[in-house]
Structure formats: C-alpha cells, structure tokens
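> any chance you could fold what I've pasted below:
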Amino acid sequence: QVSVSGIQTNAIEVKGSLVLNTPSASGIELEVNQTYNAITWTKYGNIINVDLDLSLNGGTTYLPGNNIATSLASTPSTLTWAVPDKIGANLVIRVKDSNNSNVKAVSLNPFAIKGSVAITAPTTVGTTGAPFIANQSHNIIWDRNGSIGNLVFYYNVNDGAWVPIAGAGAVPSPLATGNTFAWTVPNDNIVSTNVKIKMSGPDLLADVISEPFIVKGKITLNAVAGPYILGDNVSLTWTPNGDIGNVKVEYFDGTAWNVITTTAPQNGPYTLTLDAQAPFLITKATDIAQVRVSAASDPAVSSTSGQFIVKPVISITSPAGNEAWVVGTHHNITWTHLGTNIANVKIEYSKDSGVNYNDTITASTTNTDVFDWTIPDDIQAVKNMRIKISTLPVAAAYANSSVSTGLFQIIGALQMAVPDDTTGIQWR
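Numbering: from 1, shown residues only. Predicted coordinates for the structure are as follows:
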C-alpha cells in the first residue's frame, strides 16, 4: 500500500550547463586582427545554440557592440576568432545558452588584446643610400595595428644601452599607416652603421625594434674666399655634425689633389700655408684652387670649397732706390719669386714715380730672377723712376706684379776726347 502525503505543484526547470575552456589561462595576450584558434567550451545537457560575448571590463558589462557570435550551434564547441580592435587588459568572454540567459560561463582569468607597430623607416637599405645625419632632423615612420595609445621611443648605438629619444615620451599613432615623428638625431656618440630604434607602450604586444640603420656625420667647410698669394696662411674652419673624428685636409693646385694632413682636429681650425714647405708643398699659382675637408675615417663625409685664386709672388730686390744708372752701362734688375708655373715675366719702367709705366724694358723674359739691362738714353733730372715686373700672361686671373720700392734715375756721362793722353798737350 502506497501513501501519498503531498504533490509538487510548482514547475521544475531542467537546464544544462556550460564551461568556457579557452581563453581561460592566466596571462593570455592576443593581437588585434590575428586569428585566435580557438574559443572553446563544453556543454552539458540539451543546449542547442550559444551566444558568445566580449566584456572589456572583466565581466561587469557586455555591450551589444562587443558580441562575438549569436545563435551559434553549440556543437562543435569551438570558434576560430578574428581578434577585434578592442584593446584592453581586463577582457573576458562569456558563453551563454541562446535560449536561457541563466545558463552561462565566463573566462576563468581575464586576458588582453594588444596592438603592434611596424617601423618602416629608418631601414638598413634606406639609410645605405640616404643615411641619417647627426644633428639633423629625420622622420621615423611606422604603421600601427590596432588603436594603440601613446608610444615611447628609444635608440641605441652598437647594441649599447637604450637611450630615450628627446620629445618622444608620449607619441600618438593617429594613422593606420605612415605615422611620423621628426627626430633630431643627436650630435654626439651616434655615428655608426648599427643604430636602432625601439618603440614601447602598454598597448603593444611586444616592444618593436627597427632594423640596424646608418647614421653618418657631416662636415661643412666655411667659405675660403681668396684671393690669396703664395706664402699666405689660410685659416680653414668648418662645422662638424656628429663624432666624425680626425679631419683630412686636401688642396687642389689646379692640376691635382694633394693630401695636406689626415689629423686635423674634428672641430678645427687648421692653418693652411700656401707654401712649398712640408707638409703643404704648394708651389703653383692658379685661379682654380680648392680645399676639401673630410672625415679621415669616411671619405664620403666631405665638403669642398668653391674655386679661389692663389697669386704668385714677385719681389724686386734691385733697383732698391737712390741709384743713378749711367746711360749705356749694364745693370742687373733682380727679384725673387714664388710660383713654379710662372715661366716668363714682363719688365717695364716708370718716369713719374710709378703713376704710369709706359716704357717696356722687355715684353717677355725667362723668370730667372735676374735681367741684364742696358741702360737706355732716357736721362732724368731727378730720381723719379721705378721698375715694374709682371707675371705672364698678364691677362691671367692669377697674374701679379711688383714695383721697386725706392726711386732711381738714369743719368748721362761726359768723356773728354781732346786733349787725351796721346796728344801731348798739357793744360794748366
């Protein structure tokens, strides 16, 4: 005999259950626009379809715009997920019975979605042809993947310590491609073929390091104006960019380049003597002289002056002044000179203290520092004469001349013809 003491009058709900298997491990970081393989879950009971939703705040809210899938067949219990641009560090996924919102499961641990960047400049190849220059502004260029926040930039040289880039402590990335930052490359301790840039930020999956790239120095020679004359001291100055080291100085004499020194100081100056003595060995007059300075360790880092004039030197030593040379006698006009390419000179004289030189002694004579002059019949009552010696050709841009320093004169002479020692006549 069975006795029934009571009857259940309320409906009883029989429901299944869900467990979210992945992602659930601690420390998971996913990258925007990459494929996550896969979101998986386990169902218990008669669950036909499920919804998958993403929360950006640890499960506090699930906004409609963050739905991953709706009415997804619960079997197979897996979904390959294209990770959206929902950057954050406290994300969870919820799997829910499409027909019963009370049947749900959430990731055991929050995970992160992060972005990435790709540095497109500088690169190894790009700076091989167009290197970055110390103490000049060059663009760092990058593309971003995901709506990342501000970045911090660093650089290192020869794999040394990372150094923060000035002004790059909070750099935004507003564009998907072609973001730029104008970097004023440091002036010191930077010249190398192995310089790198690093970008860091809390929204990046990992720090990003550029390819090694080239930073060169630069040297800018200040104006070498001229004209100069052989024997002058020329102070060469330049502005170096970067740690270029010792400077090589070269001189073009109109025919060939000659190395003057390879050990001029990086910051200059250097005194170039236009002289035949070592190490200069400069002996020619020219109107196309040039100077070139370069990094002794890198000839590509160089600067060349414009063309300038270097004149020869003529210095008359005789007559020196106060001479009285007699008509018909012989006297040497003498001089010294600098300029091994001055083969001939022209010699003239003035009778008005050097105002005009209308009388030519010789239109061309070998530049041997001496000329035997037969004194012409051009008597002067006072000392009002000067000698002028000009290098040939006189029309050359580098031509030079010299005049004697003092005044001289030409005088006549008398010689008694009768009586003489042969006549026997005596005068008293």
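> strands of the stretch 1-150 of the chain, residue ranges please.
For the stretch 1-150 of the chain, the strands defined by DSSP state E, counting those that start in this stretch occupy 17-22, 29-31, 35-44, 49-55, 67-73, 78-82, 88-97, 100-106, 111-114, 116-121, 132-133, 137-145.
> so V83 touches K114, yeah?
No - V83 is not in contact with K114 according to Cβ atoms under 8 Å; the separation is 9.5 Å. Bear in mind the C-beta positions are built from the backbone N, C-alpha and C, glycine included.
> the two - which one has more neighbours?
K114 (21 against 16; other Cβ atoms under 10 Å).
> pLDDT at the residue nearest to that one when sequence neighbours are not counted, what is it?
Closest residue to K114 apart from its sequence neighbours, by Cβ to Cβ, 6 or more residues apart in numbering: L205 at 4.3 Å. Per-residue confidence at L205 stands at 97 (pLDDT).
> one more: Y349?
In this model, Y349 carries a pLDDT of 98.
> what's the burial count for I347?
I347, neighbours per other Cβ under 10 Å, totals 21.
> would you put the C-alpha positions of whichever strand or helix holds it in PDB?
Using DSSP states H and E, the element containing I347 is strand 344-350. In PDB, the C-alpha atoms belonging to strand 344-350 read as follows (Å, rounded to 0.1, in the frame of the first residue of the first chain):
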ATOM      1  CA  ASN A 344     108.100  84.400 -68.000                       C
ATOM      2  CA  VAL A 345     107.700  88.000 -66.800                       C
ATOM      3  CA  LYS A 346     107.400  91.400 -68.400                       C
ATOM      4  CA  ILE A 347     109.600  94.300 -67.200                       C
ATOM      5  CA  GLU A 348     108.700  98.000 -67.500                       C
ATOM      6  CA  TYR A 349     109.800 101.300 -66.000                       C
ATOM      7  CA  SER A 350     108.100 104.500 -64.900                       C
END
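> what about whichever helix or strand comes after that strand, average pLDDT?
Next along the chain after strand 344-350, taking DSSP H and E as the criterion, comes strand 359-366. The pLDDT scores in strand 359-366 average 98.
> what about N179, distance to D85?
From N179 across to D85, the span is 16 Å (Cβ to Cβ, to the nearest Å).
> neighbours of T374, how many?
By other Cβ under 10 Å, the residues close to T374 number 10.
> let me see the contact set for the closest residue to it other than its chain neighbours.
Counting by Cβ to Cβ, 6+ apart, H330 is the residue found nearest to T374 once chain neighbours are left out, at 5.7 Å. Counting by Cβ atoms under 8 Å, 6 or more residues apart in numbering, H330 touches D372, W373, T374, I375.
> for the strand holding I347, name the packing helices and strands.
strand 359-366, strand 386-391 (3 or more Cβ pairs under 8 Å, 6 or more residues apart in numbering; DSSP states H and E).
> hang on, the earlier thing: now the residue nearest to K114: phi and psi?
As for L205, its main-chain torsions (degrees, to the nearest 10) stand at phi -60, psi -30.
> which residues are in contact with I133?
Per Cβ under 8 Å, 6+ apart, neighbours of I133: V185, V215, K216, G217, K218, N241, G242.
> which residues of the chain score low on pLDDT?
Counting by pLDDT under 70, the ranges of the chain that qualify are 1-13, 416-428.
> kindly recompute the last result at 50.
2, 4 (pLDDT under 50).
> if we can go back for a sec, so which of the contacts of I133 are in strands?
Counting by DSSP state E, these place V215, K216, K218, N241 in strands.
> so what's the second one closest to, chain neighbours aside?
Looking back up the chat, that one is K216. P131 (4.4 Å).
> so what's the residue count around the one you found?
21.
> and if you look at the one 5 residues further on?
The burial count assigned to Q136 is 14, neighbours taken as other Cβ under 10 Å.
> quick check: closest non-adjacent residue to it.
Per Cβ to Cβ, 6+ apart, closest to Q136 is V185, 6.0 Å.
> tell me which of the helices and strands packed on strand 344-350 sits most buried.
strand 386-391 (a mean of 22; mean count of other Cβ atoms under 10 Å).
> neighbours of V326, just the number please.
V326: 12 neighbours (other Cβ under 10 Å).
> could you number the chain from 16 rather than 1 from now on?
OK, 16 is where the count begins now, so the last one is V341.
> do you know how far it is from A335?
17 Å.
> about what we covered before: any chance of a markdown table for the contacts of I148, columns distance to S122?
Shown next, in a markdown table, are the contacts of I148 (distance: Cβ to Cβ, whole Å):
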| residue | distance to S122 |
| --- | --- |
| V200 | 46 |
| V230 | 47 |
| K231 | 52 |
| G232 | 55 |
| K233 | 56 |
| N256 | 55 |
| G257 | 53 |
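> got a winner among the residues you listed for most neighbours?
Neighbour max across these (other Cβ under 10 Å) = G257, 26 neighbours.
> that one and S207 touch, don't they?
No - G257 is beyond contact range of S207, at 9.6 Å (criterion: Cβ under 8 Å).
> mind putting the contacts of H345 into CSV with secondary structure and distance to E363?
Shown next, in CSV, are the contacts of H345 (DSSP: H, G, I helix; E, B strand; the rest coil; distance: Cβ to Cβ, whole Å):
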residue, secondary structure, distance to E363
D387, strand, 16
W388, strand, 12
T389, strand, 15
I390, coil, 15
